[in-house]
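# just the structure for this:
(one chain, ligands or ions: 2)
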Amino acid sequence: MRYLSTRGEAEILGFSDVLLKGLASDGGLYLPESWPSLSHAEIEAFAGRPYADVAEAVFRPFVGDDIAPAALRAMIDEAYRTFPHPAVAPLVQLGPAHFVLELFHGPTLAFKDVAMQLIARLMDHVLKERGQRATIVGATSGDTGGAAIAAFAGSERTDLFILFPNGRVSPVQQRQMTTSGVDNVHAVAVDGHFDDCQALVKAMFNDRRFRDEVALSGVNSINWGRIMAQIVYYFTSAASLGAPHRKISFTVPTGNFGDVFAGYAALRMGLPVEKLVIATNANDILARSLATGRYETGEVHATMSPSMDIQVSSNFERLIFEASGRDAALVRRLMAGLSQSGGFDLPPELLQTMLSTFAAGTSDEAATAATIRRVLEETACLLDPHTAVAVGVAETTDTPPDTAMITLATAHPAKFPEAVKRACGREPALPPAHAGLMEKAERFDRLPAELAAVEDYIRARTRAATAGARP
Ligand SMILES: Cc1ncc(COP(=O)(O)O)c(C=O)c1O
Ligand SMILES: N[C@@H](CCOP(=O)(O)O)C(=O)O
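Ligands and ions are numbered 1, 2, ... in the order given. Here you go, the predicted structure:
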């Protein structure tokens, strides 16, 4: 499989190069040249199969010949053995036709583990085969950082730098990033919000000299590998509820648009999906864009679902590319508008195409707290605030009676104990495997949201600059 950039001006690459590269050299995001397709018979046969079997079937066409089948399978098995739940991503029934897909059974209790456990292994494998090292940077609003640190901690071939917004992540999220105690991991508290961290990461990729000097790589969902890994659970969950013969919709709590774009990718691969419902908190840029056709960034609001406190939703660019019939010139024009004036208008026919697949809704703070309270009373299920945003939106979305709704549960409630307690009076405890996290000593540095300061910091600490860096 070959991959091309949404902006149409970067070199076309194979899977391993795309994995290491992260962002395309023209500032765009990589997508497969064509969508592999799975037949209805193949999808039906996923029901009841081990998660790793489905993952292998989904990844194979994307990986192509770049990684030997046995090595790929071994990495998949290892990655999903880190999930103590035998189903990896189990479904829990909330109502007659409403199910919650629990994606938080991995090492850091958030859905990011599903992809991160795999791509850390894939990257290490490719780097080892090539005899290279890489410097990995990531921006986080709380969960990507912890998941990346858990996945890359101790890796011989990578140095990992995670930028998180100072004071804007939950205490559990912060400890997951600052207590690893390993030398190849650097947690950095940036004076700003998530969008500043993400802008710094993109600016580092666009600084060619720096990028080459430190052999830069990225693990945010701008990296195609992240999206690929997240496609699997759309297939496992839908098949277990009767797809392709039963109608299924998904509601996805959304920030950077990576997770819901993985659902769109599953649809493009042949999974029949009625609707993909985008659920946002008060940072409702995506819901507003679909309602008005105007994508307009504004103030970031701090909410009880901090991982979704995002305005610049990177993967929306991938959807613009796909829904416009792969019009790279349009993507370039809209993205130029975004950087020049903070917004752009979606052409009306593009908006209509998006609306044929997507719907969107917003849950404000009061509604989210009420959802946590009500679901606990009615089902004894304790939701984290991100999942509660999505459950609230799913319940207010028009769903035909013959359609099952799957809402993605993206984090364990114990990552946000204060917010959950405020909402329903019950403070969720961390699972036993995480006992002691809050007592561990923290190690992190604090930096201004300035490119030069962050680049100097990384330069001084990366080992890729000195040994076998990628050319
Ligand atoms: C718990 C949680 N839910 C939802 C999201 C939104 O996912 P995405 O950015 O892929 O839209 C994130 C982070 O982005 C998250 O950490
Ligand atoms: N919510 C994320 C933000 C980064 O998103 P990503 O999926 O692009 O890595 C987080 O928790 O860090």
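# which bits of the stretch 51-200 of the chain sit near ligand 2?
Residues of the stretch 51-200 of the chain found near ligand 2 (CB under 6 Å from any ligand atom) are 140-145. All C-beta spots, glycine's among them, are computed from the backbone N, C-alpha and C.
# among these, who's most crowded?
With neighbours taken as other CB atoms under 10 Å, the top of these is residue 145, carrying 32 neighbours.
# which of the residues of the stretch 51-200 of the chain next to ligand 2 fall within helices?
Judged by DSSP state H, the subset of those located in helices is 143-145.
# helices of the stretch 101-250 of the chain, residue ranges please.
Counting by DSSP state H, counting those that start in this stretch, the segments of the stretch 101-250 of the chain that form helices are 112-130, 143-152, 171-178, 194-206, 208-214, 224-240.
# go through those and pick out the most buried.
When the helices of the stretch 101-250 of the chain are scored by mean count of other CB atoms under 10 Å, the highest mean neighbour count falls to helix 143-152 (a mean of 28).
# so what touches it?
106-108, 110-113, 115-117, 119-120, 136, 138, 140, 158, 160, 162-164, 169, 173, 176-177, 180, 184-185, 187, 219-221, 307, 410-411, 415 (CB atoms under 8 Å, 6 or more residues apart in numbering).
# which of the residues you listed fall in strands?
136, 138, 158, 160, 162-164, 185, 187 (DSSP state E).
# which members of those residues are the farthest-apart pair?
158 and 164 (18.3 Å; CB to CB).
# most neighbours, which of the ones in strands among the contacts of helix 143-152?
residue 136 (30 neighbours).
# I'd say that one and residue 160 touch.
Yes - counting by CB atoms under 8 Å, residue 136 touches residue 160, with 4.8 Å between them.
# need the residues touching each of these two.
148, 152, 219.
# between the residues you listed, which is nearest residue 18?
residue 219 (13.0 Å).
# contact residues of the stretch 1-150 of the chain facing ligand 1?
Counting by CB under 6 Å from any ligand atom, the residues of the stretch 1-150 of the chain near ligand 1 are 110, 142-143.
# out of these, which is nearest to residue 454?
For those, the nearest to residue 454 is residue 142 (18.7 Å; CB to CB).
# which residues touch the closest residue to ligand 2 within the stretch 301-450 of the chain?
Closest to ligand 2 within the stretch 301-450 of the chain is residue 307: 3.8 Å, counting by CB to the nearest ligand atom. Shown in contact with residue 307 (CB under 8 Å, 6+ apart): 110, 141-143, 169, 173, 255, 386, 410-411.
# and residue 282, by the same measure?
Residue 282 touches 301, 303, 362, 364-365, counting by CB under 8 Å, 6+ apart.
# which residue packs closest to it, ignoring adjacent ones?
residue 301 (4.3 Å; CB to CB, 6 or more residues apart in numbering).
# burial count for the one you found?
The tally of other residues near residue 301 (other CB under 10 Å) stands at 14.
# ok, now which ones touch it?
Counting by CB under 8 Å, 6+ apart, residue 301 makes contact with 281-283, 309.
# in which helix or strand would I find residue 406?
strand 403-409 (DSSP states H and E).
# so that strand, near ligand 1 or not?
No - using CB under 6 Å from any ligand atom, strand 403-409 stays clear of ligand 1, coming no nearer than 7.8 Å.
# wait, residue 243 sits on residue 45?
No - Residue 243 is not in contact with residue 45 according to CB under 8 Å; the separation is 11.5 Å.
# out of these two, which sits in the busier spot?
residue 243 (24 against 15).
# any idea how far residue 47 is from that one?
From residue 243 across to residue 47, the span is 8 Å (CB to CB, to the nearest Å).
# ligand 1 contacts on the stretch 251-400 of the chain?
Near ligand 1, when you scan the stretch 251-400 of the chain using CB under 6 Å from any ligand atom, you find 253-260, 307-308, 386.
# just name the closest of these to residue 18, please.
Distance to residue 18 across these (CB to CB) is lowest for residue 258, with 15.1 Å.
# was I right to think that closest one contacts residue 230?
Yes - applying CB under 8 Å, one finds residue 258 in contact with residue 230, separated by 6.8 Å.
# shared neighbours of those two, anything?
Common neighbours of residue 258 and residue 230 (CB under 8 Å, 6+ apart) are residue 221.
# quick check, pLDDT for the residue in the stretch 101-250 of the chain positioned nearest to ligand 1.
In the stretch 101-250 of the chain, the residue that lies nearest ligand 1 is residue 143 (3.3 Å; CB to the nearest ligand atom). Confidence at residue 143, expressed as pLDDT, is 97.
# kindly report the same for residue 464.
We have a pLDDT of 64 for residue 464.
# what number of residues lie near residue 339?
Counted with other CB under 10 Å, residue 339 comes out at 12.
# for residue 33, same thing?
Counted with other CB under 10 Å, residues neighbouring residue 33 total 11.
# what do you get for residue 401?
Residue 401 has 7 neighbouring residues, counting by other CB under 10 Å.
# hmm, residue 97 and it touching each other?
Yes - contact criterion CB under 8 Å: residue 401 and residue 97 qualify, at 7.4 Å.
# in stretch 57-72, what's buried?
57-59, 61-63, 66-67, 72 (16 or more other CB atoms under 10 Å).
# what does it contact?
Contacts of stretch 57-72 (CB under 8 Å, 6+ apart): 1, 14-16, 32, 36, 38, 42, 46, 56, 75-76, 122, 125-126, 224, 228-229, 231-232, 235, 269.
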